[in-house]
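S.K.: here are the coordinates; sequence isn't available:
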């Protein structure tokens with residue numbers, strides 16, 4: 001890993017970035033002893049998004065069979081605000 005100073009980064013930014021492109025990372029040190037690592041990011045190496053296991057959740061909740069047409073229609077009516085008439 002190539003090492004640069006903060007002054008190099010300020011005055012020769014292009015050469016610092018070029019070295020980072022070639023090597024993948026460079027170290028930048030400050031006069032007071034602090035040091036930093038500049039790492040080239042690979043946009044194609046993004047971590048995949050973790051998606052919950054919905055099938056396992058469904059099974060754990062006891063939903064093993066799909067609901068029927070009658071139940072599906074009743075749920076649709078409830079969502080639409082059409083509550084069943086209990087007076088009949």
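M.R.: Yep, it's here. Note that the structure is predicted; figures quoted are calculated from it, not measured.

S.K.: going forward, measure contacts between C-alpha atoms and count neighbours the same way
M.R.: OK.

S.K.: Which residues does the lowest-mean-pLDDT helix or strand in the chain contact?
M.R.: The element with the least model confidence among the helices and strands of the chain, by mean pLDDT, DSSP states H and E, is helix 54-60, at a mean of 87. For helix 54-60, the surrounding residues in contact (Cα atoms under 8 Å, 6 or more residues apart in numbering) are residue 64.

S.K.: Give the helix, strand or coil label for the residue nearest the centre of the chain.
M.R.: The residue at the geometric middle of the chain, judged as the C-alpha nearest the mean C-alpha position with Cα atoms, centre = their mean, is residue 49 (5.2 Å). The three-state label given to residue 49 by DSSP: H, G, I helix; E, B strand; the rest coil is coil.

S.K.: Now it. Its backbone dihedrals?
M.R.: According to degrees, to the nearest 10, the main-chain angles of residue 49 amount to phi -80, psi 130.

S.K.: Where does pLDDT dip in this protein?
M.R.: For the chain, residues meeting the criterion pLDDT under 70 lie at 45, 85-88.

S.K.: Mind doing that once more with 90?
M.R.: 1, 41-52, 54-68, 71-72, 74-75, 81-88 (pLDDT under 90).

S.K.: all helices of it, in order?
M.R.: If DSSP state H is used as the criterion, the helices of the chain fall at 6-11, 13-23, 54-60, 69-80.
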